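Student: predicted model follows, preceded by the sequence.
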Amino acid sequence: MLGLGVSMHRDLRELAALLAAGLALGLGHLALRSDLPWFPAPAAEPTMCGSAEAEPAPAAPLASPAPEVPMSSPGPEDVP
Amino acid sequence: MTAPNLPEGTSQNWRRLVWTVRLVLAGVLLAAAVPKLADPAAFAEKLPNYRVFPEPLVNILAAVAPMLELVAAGALVTGRLYRGGVWLTAGLMALFTALIASALLRGIDLDCGCFGALRPAEPASAIDLVRNVVLLGLAALLVVDLFKRRA
């Protein structure tokens, strides 16, 4: 029984060592491959025509609203 | 190569079987790891299709999983940290089997990416599941052998 416990302890220790090695090597590999996109690019939304819809162009910044042109005062011809 | 001591009474045939299984599993793990390490971006693109991994972990998993396969294969072949290697192999096989079974059950049409670009992209099927169950069975045989060594 004691032997089984010792063996299990050894198994866990070896497993932890291998997991740590794999994690360290994997993260090192990832660090060296800086060309990798960090996330997979999101898939483009297909349209009814089957092609991806183009991103809408950014709207031009709104200019400050121009002052309304004041209506001209009625002229002599408008006066009955 | 270091072969751990076996207790007396362990038959020669059993030892041969265990060695064959070790080599087969190590070969499969190597064949799975190398193409993924060569092109991690291609493997990373396949992982979100399983719909179980959070996006921030995709690249980390794409780099770490093949390294774990490589480390497990090395332990099986060389005998260094052999016992840990057997458990790691069994764990990886169980995980991969569960992932493929889960995708098939949910009706997700995906390329499992199991062997990177070594295998042409095909939707995962019951054949992939059967293959993984067989590999899991081989890994279980090595676990049984670990317990026989303790006896």
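Tutor: Ah, there it is.
Student: element containing B:C112, please.
Tutor: Under DSSP states H and E, no helix or strand contains B:C112.
Student: what packs against the one helix or strand B:L129 maps to?
Tutor: In this assignment (DSSP H and E), B:L129 forms part of helix B:126-150. Other helices and strands packing on helix B:126-150, by 3 or more CB pairs under 8 Å, 6 or more residues apart in numbering or on different chains; DSSP states H and E, are helix A:2-32, helix B:12-38, helix B:82-105. Heads up, the C-betas are built off the backbone N, CA and C, glycines and all.
Student: residues of it that come out buried?
Tutor: Neighbour counts over helix B:126-150 (16 or more other CB atoms under 10 Å in any protein chain shown) mark B:128-129, B:131-132, B:135-136, B:138-139, B:141-142, B:145-146, B:149 as buried.
Student: redo those residues as a markdown table? Include pLDDT.
Tutor: Output for these, formatted as a markdown table (pLDDT from 0 to 100):
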| residue | pLDDT |
| --- | --- |
| B:D128 | 89 |
| B:L129 | 92 |
| B:R131 | 94 |
| B:N132 | 95 |
| B:L135 | 97 |
| B:L136 | 97 |
| B:L138 | 98 |
| B:A139 | 98 |
| B:L141 | 97 |
| B:L142 | 97 |
| B:D145 | 94 |
| B:L146 | 93 |
| B:R149 | 82 |
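Student: from those residues, pick the one nearest B:L105.
Tutor: Nearest to B:L105 among those, counting by CB to CB, is B:L129 at 9.9 Å.
Student: isn't the closest one right up against B:I100?
Tutor: Yes: when contacts are counted by CB atoms under 8 Å, B:L129 is listed as touching B:I100 (5.2 Å).
Student: the residue in chain A that chain B sits nearest to: what's it in contact with?
Tutor: Among all residues of chain A, A:E14 sits closest to chain B, at 2.7 Å; criterion: CB to the nearest CB. Residues counted as contacts of A:E14 (CB atoms under 8 Å, 6 or more residues apart in numbering or on different chains) are B:L81, B:Y82, B:R83, B:G84, B:G85, B:W87.
Student: confidence score at B:L110?
Tutor: According to the prediction, B:L110 has pLDDT 81.
Student: can you name the residues that contact it?
Tutor: Going by CB under 8 Å, 6+ apart, the list of residues near B:L110 reads B:K46, B:N49, B:Y50, B:A103, B:P123, B:A124.
Student: so which strand or helix has the first one?
Tutor: In other words, B:K46. Short version: B:K46 belongs to helix B:40-46, going by DSSP H and E.
Student: so what touches that helix?
Tutor: A:29-30, A:33, A:35-37, A:40, B:36, B:58-59, B:61-63, B:65-66, B:110-113, B:116-117.
Student: pull out the buried members of the residues you listed.
Tutor: By 16+ other CB under 10 Å, the contacts of helix B:40-46 give A:29-30, A:36, A:40, B:36, B:58-59, B:61-63, B:65-66, B:110, B:112-113, B:116 as buried.
Student: which one of those is nearest B:T20?
Tutor: B:P66 (24.0 Å).
Student: where does chain A have low pLDDT?
Tutor: A:1-4, A:36-80 (pLDDT under 70).
Student: oh, I was asking about chain B
Tutor: B:1-10, B:117-119, B:121, B:151.
Student: report the contact partners of the residue in chain B that chain A sits nearest to.
Tutor: Distances between chain B and chain A by CB to the nearest CB are smallest at B:G84, namely 2.7 Å. By CB under 8 Å, 6+ apart, B:G84 lies in contact with A:D11, A:R13, A:E14, A:L15, A:A16, A:A17, A:L18, B:A75.
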